[in-house]
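[1] what's the 3D shape of this:
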Amino acid sequence: MRPQYDVIVAGAGPGGSAMAARLVRERPADRVLVLERYRFPRDKPCGGGLTGHMDAAMRELDLALEVPAWPAKTARVRYGSFERVVTLDNPVNVVRREELDANLADQARRRGVEIVEGEGVTGYTVEPDHVVVRTSRGRALTASVLVGADGAASVVRKQLLGEKALPHRLFRAELALSGTAPDDAMLYDFTPMRRGLRGYLWVFPVPGNRVNVGVMHYPSSRLGGPALIDILRDGLAELGLTLPDKGTRGWPVWGYHPGKAVAEARVVTIGDAAGIDGLTGEGIAVALEQALVAGNCIDEAFRTGDFSFATYRRRLRKATVGRELALDRWLAWMLYRSRNWERWLSLVLYDPQVLEMYASRVDGSQILADQKLRLYKALIRHVLRARRRRRQLRLAGAGGAPSLPALPSPS
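    Coordinates of the predicted model:
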């Protein structure tokens, strides 16, 4: 018996919508269904920065940025009284996720994709010639392929891996500003690492005279939601911003691991379900890049009849997105997990070439995974200067807030 659908996509976030749009474009005769457990517009604790790789992925997927975006032309990196400003060769467009996600789903619908909102995937069973997908409405649907793009709380990931691991934690809020427009720089503030945060605080400008603020915490230590919200509130206060008593939301997310399963027979995962960037928490461009790799594997499966997806993990790892994610996983371990985090943070902050390399990775003008020789040279330089740099870092950490341009007051 032929399955009801060729492909069922769990989740209509950026990865799921892009995956479905790509499938119907390349395989117009396919029956593609997207199941989204929420209804648009829906909230998402994300900085909303569309990095340079996003532009290339959207072009390849024939998608367009149709929502308001704030072009951030610089990045400010801060720790206590230390600050460095890095110019981005290509501006990073910062969007509101609720607008972006709804629009990408709409673009997929315009291509003929069927998206059902308010119905999520609750489980699946793989059979020899199809996969049975169970939904929150009690339906049992059949498909040749299931794509797990169901985000941080991915049912597909949970069933595929069958393990419990500590997640990254993200907490995010949006503040309306009064007076002048926000600075066009994205602020990455590592000062809260003094209080046990293993990650950074962000302040990103967004359209509508607002700023997107939040913290990312790497799972090297357990910090609960109240503690992370307190860290966010206190960090914003140093910058002259006030976090409202309500409106801060958090989600767990899992970092990409090149050795973890991302597929099984008739099932592939992309986006948060496959793992985000462990260093920055980035997931939007990652999801679209993974959708391109997964789409090629799905095309091949229908062409050859081999639905094992046995090569997907390796192909994902060798793609640019996989190589970048693997490198960032290693860098995150050094910076956030190591007890010597001051040693590695001082390398990032006090070696201008390291910041410039990472800025080029963020704006899409460079593939950092191809710059390993320059990174090794930076490590060698750091060996000679590490003690002095750590002293500088501790002095900066004890020096309080630097003289920053005044931010507008929240309305």
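
[2] what about the helix or strand containing H382, distance to the chain center?
    Taking DSSP states H and E as the definition, H382 sits inside helix 372-398. Relative to its parent chain, helix 372-398 has a centroid offset of 27 Å by Cα atoms, centre = their mean, to the nearest Å.

[3] now stretch 62-72
    Counting by Cα atoms, centre = their mean, stretch 62-72 comes out at 17 Å from the chain centroid.

[4] Straight-line length of that stretch, end to end?
    Terminal residues of stretch 62-72 are spaced 23 Å apart (Cα to Cα, to the nearest Å).

[5] Next, the nearest residue to R134 once chain neighbours are set aside: secondary structure please.
    Spatially, and ignoring its direct neighbours in sequence, R134 is nearest to G123 (4.6 Å; Cβ to Cβ, 6 or more residues apart in numbering). No exception for glycine: its C-beta is placed from N, CA and C like everyone else's. Here G123 is strand, with the state taken from DSSP: H, G, I helix; E, B strand; the rest coil.

[6] just V86 next, same as before
    Quick answer, by three-state DSSP: V86 is strand.

[7] Could you say which helix or strand holds the residue nearest to it when sequence neighbours are not counted?
    The shortest distance from V86 to any non-neighbouring residue, by Cβ to Cβ, 6+ apart, is to A359 (4.3 Å). Per DSSP H and E, A359 falls inside helix 352-362.

[8] ok, the residue nearest to V86 - how many residues close by?
    19 (other Cβ atoms under 10 Å).

[9] wait, doesn't it sit right on P91?
    No: under the criterion of Cβ atoms under 8 Å, A359 is not in contact with P91, lying 11.7 Å apart.

[10] where does the residue sitting nearest the centre point of the chain land on pLDDT?
    Nearest to the geometric centre of the chain sits G283, at 1.8 Å (Cα atoms, centre = their mean). pLDDT for G283: 90.

[11] From L170, how far off is the residue nearest to it when sequence neighbours are not counted?
    Counting by Cβ to Cβ, 6+ apart, G283 lies nearest to I276, which is 4.2 Å off, once chain neighbours are set aside. Using Cβ to Cβ, to the nearest Å, one gets 9 Å for the distance from I276 to L170.

[12] list residues touching both of these two?
    Common contacts of I276 and L170 (Cβ atoms under 8 Å, 6 or more residues apart in numbering): V253.

[13] before we move on, the earlier item: what's the model's confidence in the helix holding A359, averaged?
    The model assigns helix 352-362 a mean pLDDT of 90.

[14] Now do it and helix 372-398, the angle between them.
    110 degrees (axes from the mean of the first three to the mean of the last three Cα atoms, to 10 degrees).

[15] Buried residues, helix 352-362. List them.
    V354, L355, E356, M357, Y358, A359, S360, R361, V362 (16 or more other Cβ atoms under 10 Å).

[16] got it, and stretch 261-279?
    Those buried within stretch 261-279 under the rule 16+ other Cβ under 10 Å are 261-264, 266-279.

[17] Compute the first-to-last residue distance for it.
    First-to-last residue span, stretch 261-279, Cα to Cα: 20 Å.

[18] what does stretch 31-48 give?
    31 Å.

[19] coming back round to it: among the buried residues of stretch 261-279, which are in strands?
    Of the positions in these, A263, E264, V267, V268, T269 sit in strands, assigned by DSSP state E.

[20] Chain neighbours aside, what residue packs nearest to D101?
    G13 is the one closest to D101 (Cβ to Cβ, 6+ apart), at 5.6 Å.

[21] just checking, the residue nearest to R134 touches D150?
    No: G123 is beyond contact range of D150, at 11.5 Å (criterion: Cβ under 8 Å).

[22] tell me the contacts of the residue nearest to F82 when sequence neighbours are not counted?
    Nearest residue to F82 in three dimensions, chain neighbours excluded: A396, at 3.8 Å (Cβ to Cβ, 6+ apart). A396 makes contacts with Y79, G80, S81, F82, as judged by Cβ under 8 Å, 6+ apart.

[23] Just the pLDDT for A396.
    94.

[24] again with L379
    According to the model, L379 carries a pLDDT of 91.

[25] Okay, it and V77: tell me how far apart.
    19 Å.

[26] which residues of the stretch 101-250 of the chain fall in helices?
    155-161, 225-238 (DSSP state H, counting those that start in this stretch).

[27] which one of the ones you listed is the most hemmed in?
    Highest mean neighbour count of these: helix 155-161, a mean of 20 (counted as mean count of other Cβ atoms under 10 Å).

[28] which helices and strands sit right next to that helix?
    strand 121-127, strand 140-148, strand 267-269 (3 or more Cβ pairs under 8 Å, 6 or more residues apart in numbering; DSSP states H and E).

[29] Which of those strands sits closest to P3?
    strand 140-148 (4.1 Å; Cβ to Cβ).
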